[in-house]
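**Student:** Need the 3D shape of this:
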Amino acid sequence: MSEKNRQGKRTAREKLAAEREKHRSRDKRRRALIVGASVVCVLGLAAVIGVVAANAGKDDGSDSAGPVVAPSGAQGKDGLAIPVGEDGAKSTLTVWEDFRCPACKGFELAYRDTIHELTESGQLKVEYHLATIIDGNMGGTGSRKAANAAACAQDAGKFPQYHDVLFTDQPPESDDAFADEDRLIDLAGKVDGLDTTPFQECVKNGRHNSWVEKSNTAFQNGGFSGTPTVLLDGTNIYQDQSMTPAKLKQMVEDANT
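**Tutor:** Numbers count the residues shown, from 1 in each chain. Sure thing, here's the model as predicted:
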């Protein structure tokens, strides 16, 4: 083979090698761009999650300005607890609830009869605190308006009965049906003597809206993980996986012996 032919083949190999290196460099840059774009998407998602988390549980505050008016008979710090049962009961159950919260409904349906039995027998006092977490997480005002309506029922001496009706007739979590004041008033018809002109005016005027907001702020500042939060004499029993209505009843009865 002549020197000229050898030189030509060497040049062709060098060109091929150079072209391959060019392709490898281009592929490397493309992979880097893909990875970079993926990181930006993850960071963007993290930013969105951060915004959602920062706003979780916050009420939008619309139509709620006004003085803080606690419902009749409210007790505890800042008058944020609605009491049910005898003040002298040896056991106190503290319950934080949101009327749009499905887990709260689940708790109520499971424990309601036992709690009624214990409060009516004078062995247990329940302090209900109302929150608006779902309004903040899902949007809407149903949590706040239902809580205001429940406070209006407390003014009328009908809180326990109306409280139970609201959970029994709770709409799906994503359905802000409790934002409709007429619906809340219609549900009052299920409680004897509640659907009165003063109750209707209280609901429509949002008499206790600012009180509800204050209660929700107390919940947010309380270090609780979510609703329902249920404390028996200060101990969180809702986190106890072995807790049952029968066990709660036994704990309360033991405290009263």
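**Student:** Flag the shaky bits of this protein, pLDDT-wise.
**Tutor:** 1-65 (pLDDT under 70).
**Student:** Run through the bridge partners of Trp96.
**Tutor:** His129, Thr229 (DSSP bridges).
**Student:** how near is it to Ala70?
**Tutor:** 17 Å (CB to CB, to the nearest Å). Quick note: C-beta positions are derived from backbone N, CA and C, even for glycine.
**Student:** Same drill for the two, tell me which one is more crowded.
**Tutor:** The residue with more neighbours, out of Trp96 and Ala70, is Trp96; 25 against 20, by other CB atoms under 10 Å.
**Student:** quick one, what contacts the more buried one?
**Tutor:** Trp96 makes contact with His129, Leu130, Ala131, Phe219, Gly222, Phe224, Thr227, Pro228, Thr229, Val230 under the criterion CB atoms under 8 Å, 6 or more residues apart in numbering.
**Student:** Of those residues, which qualify as buried by neighbour count?
**Tutor:** His129, Leu130, Ala131, Phe219, Phe224, Thr227, Pro228, Thr229, Val230 (16 or more other CB atoms under 10 Å).
**Student:** just curious, which of these is nearest to Gln75?
**Tutor:** His129 (10.8 Å; CB to CB).
**Student:** on that earlier part again, same list (the buried ones among the contacts of Trp96) but as CSV, adding distance to Lys158.
**Tutor:** Formatted as CSV, these follow (distance: CB to CB, whole Å):
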residue, distance to Lys158
His129, 18
Leu130, 15
Ala131, 21
Phe219, 24
Phe224, 27
Thr227, 23
Pro228, 21
Thr229, 24
Val230, 23
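**Student:** Need the max-distance pair from these.
**Tutor:** Leu130 and Val230 (14.0 Å).
**Student:** Phi, psi for Phe159 please.
**Tutor:** Main-chain dihedrals, Phe159, degrees, to the nearest 10: phi -60, psi -50.
**Student:** Please read the previous query as pertaining to Lys158.
**Tutor:** phi -130, psi 20.
**Student:** residue contacts, it?
**Tutor:** Val191, Gly193, Leu194.
**Student:** What segments of the protein are helices?
**Tutor:** Taking DSSP state H, the helices of the chain run over residues 3-55, 102-120, 133-138, 142-155, 159-168, 181-188, 197-205, 209-220, 245-255.
**Student:** State the number of residues packed around Asp164.
**Tutor:** 16.
**Student:** what's the distance between the residue nearest to it when sequence neighbours are not counted and Glu213?
**Tutor:** Distances taken as CB to CB, 6 or more residues apart in numbering put Arg112 closest to Asp164, at 6.5 Å, once the chain neighbours are dropped. Remark: distance between Arg112 and Glu213 (CB to CB) = 27 Å.
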